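K.L.:
test case, fold it:
(one chain, ligands or ions: 2)
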Amino acid sequence: MAARVVGRTGRLAAVVRSSAVRLQSRLHGSTGLRSGSQANFFPPLEDAMLPSGSFNNRMALITGGGTGLGRAMTATLSQLGAQCIIASRKLDVLQRTAEEISSQTGNKVHAVQCDVRDPQAVSQCVDQIEALTGLPDVIINNAAGNFVCPSERLSPNAWKTITDIVLNGTAFVTLELGKRLIQNQKGASFLAITTIYAESGSGFVVPSASAKAGVEALYKSLAAEWGRYGHRFNIIQPGPIRTKGAFSRLDPTGAFEKAMIDRIPTGRLGTPAEIANLAAYVSSNYASWMSGAVIRFDGGEYVSLAGEFNELRSVTPDQWKLLEAMIRKTKGS
Ligand SMILES: CCCCCCCCC/C=C/C=C/C(=O)SCCNC(=O)CCNC(=O)[C@H](O)C(C)(C)COP(=O)(O)OP(=O)(O)OC[C@H]1O[C@@H](n2cnc3c(N)ncnc32)[C@H](O)[C@@H]1OP(=O)(O)O
Ligand SMILES: NC(=O)C1=CN([C@@H]2O[C@H](COP(=O)(O)OP(=O)(O)OC[C@H]3O[C@@H](n4cnc5c(N)ncnc54)[C@H](OP(=O)(O)O)[C@@H]3O)[C@@H](O)[C@H]2O)C=CC1
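P.N.:
Numbering: from 1, shown residues only. Ligands and ions are numbered 1, 2, ... in the order given. Okay, here's the model as predicted:
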């Protein structure tokens, strides 16, 4: 009897999972999941988490919203009723994404070209946004540049390129919008997408690590200073989530993927739809008491990398018997 119930529940769970994956691939493209066995405990739930209409009458700007995680965040916000503006360098990519998402959700997505490294371009982009939708209620600073490279091979321009996109770009967008919102006495939610190594630092991505740490300092500082103007500032630190932009520049041969998954306690990569749900929550009025928060979203990878004894996961029960006997036999110091 119990086995029949478990069997039925298992089949039901499989049906729910596969329809969630179908919805996810319609809105966000393929999940591209590869996983270890414990991933079965942690299936991604990928439909929009917030009540429908949570972003009705709200405008959201997502930098880098044409691709990858920014695209997924745009799809979710749009599905929840927001009018979205996506901004980055490649107008054709933005326009394609905007049309695809608008046609699926029925809510307008605007595409605006902008290189966030250029403060004048940012100011003109905000002029365009004001004309299209008015100043946004939600700002997601998601645009970034990165590549793995031994630090001794970095040219000054390589350093400048990454830190300009990540730190200066985020600062230009945040300050330009912040000043105009303050002038108009309008509050907003600002969210920055950083990464787990913003906290630890990491070799081989040193410009990105330095710039993302700067973004976190910027957002924590403004959370303290600009609450009085109705602004909230929060940070999400994602762990690995497959996107073409990230994986082609950080693991171009795919050689590191298995080792990376093996060290993630939940046994799989994150999915774009999962981070989109988190970003939507943080940007929504359900999170109106959340400001200055740094949210790690990495399946447990950071703590797994940090704990000195975590490699002991590979010790078998028989080996533990021997180890325990050795330890118990030790007397004195
Ligand atoms: C261990 C496995 C890991 C697997 C994944 C794990 C993920 C977990 C954590 C992930 C964190 C992710 C963080 C991210 O930010 S991912 C986002 C990635 N997306 C992008 O980068 C998209 C945008 N990128 C770009 O447009 C380019 O890549 C760019 C180089 C950043 C900028 O383009 P552009 O302005 O056109 O610059 P260029 O003129 O091409 O180059 C400027 C200078 O940089 C030098 N350079 C470029 N590439 C390299 C390289 N690969 N190595 C060394 N130097 C490089 C280039 O030579 C220029 O310098 P100059 O020659 O001195 O002028
Ligand atoms: N995927 C992952 O595993 C992880 C990603 N992240 C972070 O998530 C965010 C999204 O990354 P992801 O989706 O993976 O990668 P993508 O490469 O898909 O996204 C980066 C976006 O930034 C835009 N961009 C780059 N340079 C500029 C610029 N100068 N001006 C304006 N826009 C620019 C790009 O558009 P365009 O080329 O049109 O300018 C692109 O849409 C980034 O902040 C990244 O650091 C953090 C940890 C893990």
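
K.L.:
counting neighbours, what do you get for residue 102?
P.N.:
16 (other Cβ atoms under 10 Å). For every residue, glycine as well, the C-beta is placed using N, CA and C.

K.L.:
where does residue 149 fall, helix, sheet strand or coil?
P.N.:
Following DSSP: H, G, I helix; E, B strand; the rest coil, residue 149 is assigned to coil.

K.L.:
next, count neighbours for it.
P.N.:
Neighbourhood size, residue 149 [other Cβ under 10 Å]: 18.

K.L.:
please apply the same query to the one 4 residues further on.
P.N.:
Neighbouring residues of residue 153 were enumerated by other Cβ under 10 Å; the total is 7.

K.L.:
do residue 145 as well
P.N.:
Going by other Cβ under 10 Å, the residues that sit close to residue 145 add up to 20.

K.L.:
for it, phi and psi?
P.N.:
phi -130, psi 150 (degrees, to the nearest 10).

K.L.:
per-residue confidence at the residue in the stretch 201-333 of the chain that ligand 2 sits nearest to?
P.N.:
Nearest residue of the stretch 201-333 of the chain to ligand 2: residue 245, at 1.8 Å (Cβ to the nearest ligand atom). Listed pLDDT for residue 245 reads 98.

K.L.:
surely it and residue 67 touch.
P.N.:
Yes. Here residue 245 reaches residue 67: they are 5.7 Å apart, a contact under Cβ atoms under 8 Å.

K.L.:
more neighbours, those two?
P.N.:
Taking other Cβ under 10 Å, residue 245 and residue 67 do not tie; residue 67 has more neighbours (20 against 15).

K.L.:
any chance you could map the helices in the chain?
P.N.:
2-28, 68-79, 91-105, 119-132, 156-163, 169-183, 197-200, 206-225, 244-250, 257-262, 272-283, 301-306, 317-329 (DSSP state H).

K.L.:
the fifth one close to ligand 1?
P.N.:
Yes. Helix 156-163 reaches ligand 1 (Cβ under 6 Å from any ligand atom) through 157, 158, 161, 162.

K.L.:
selecting buried members of those residues in ChimeraX, what would you type?
P.N.:
In ChimeraX, this line selects whichever of those come out buried by 16 or more other Cβ atoms under 10 Å:
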select :161,162
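
K.L.:
got the residues of helix 156-163 next to ligand 1 as a markdown table, with distance to residue 100 and pLDDT columns?
P.N.:
Converted to a markdown table, these look like this (distance: Cβ to Cβ, whole Å; pLDDT from 0 to 100):
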| residue | distance to residue 100 | pLDDT |
| --- | --- | --- |
| 157 | 34 | 98 |
| 158 | 33 | 98 |
| 161 | 29 | 98 |
| 162 | 29 | 99 |
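
K.L.:
any idea of the mean pLDDT in the longest strand belonging to the chain?
P.N.:
In terms of residue count, the longest strand belonging to the chain (DSSP state E) is strand 231-238. Averaged over strand 231-238, pLDDT sits at 99.

K.L.:
how about the residues of the stretch 1-150 of the chain by ligand 1?
P.N.:
144, 145, 146, 147, 149.

K.L.:
hey, which of the helices of the chain is tucked in deepest?
P.N.:
helix 68-79 (a mean of 28; mean count of other Cβ atoms under 10 Å).

K.L.:
which residue sits closest to whichever residue of the stretch 51-200 of the chain sits closest to ligand 2, ignoring its sequence neighbours?
P.N.:
Nearest to ligand 2, among the residues of the stretch 51-200 of the chain, is residue 68, at 2.2 Å (Cβ to the nearest ligand atom). Spatial nearest neighbour of residue 68, chain neighbours left out: residue 243 (3.4 Å); criterion: Cβ to Cβ, 6 or more residues apart in numbering.

K.L.:
what does the one you found show for phi and psi?
P.N.:
Main-chain dihedrals, residue 243, degrees, to the nearest 10: phi -140, psi 150.

K.L.:
nearest to residue 54, of the helices of the chain?
P.N.:
When these are compared by Cβ to Cβ, helix 272-283 sits nearest residue 54, at 7.4 Å.

K.L.:
any idea how far residue 324 is from ligand 1?
P.N.:
35 Å (Cβ to the nearest ligand atom, to the nearest Å).

K.L.:
also residue 234?
P.N.:
In terms of Cβ to the nearest ligand atom, residue 234 sits 18 Å off from ligand 1.

K.L.:
so what's the residue count around the residue lying closest to residue 138 once chain neighbours are set aside?
P.N.:
Excluding the flanking residues, the one nearest residue 138 by Cβ to Cβ, 6+ apart is residue 60, at 3.9 Å. Using other Cβ under 10 Å as the criterion, residue 60 is surrounded by 29 other residues.

K.L.:
correct me if wrong: residue 60 contacts residue 283.
P.N.:
Yes. Contact criterion Cβ under 8 Å: residue 60 and residue 283 qualify, at 7.0 Å.

K.L.:
what is in contact with the two at once?
P.N.:
By Cβ atoms under 8 Å, 6 or more residues apart in numbering, residue 60 and residue 283 have these common neighbours: 77, 138, 140.
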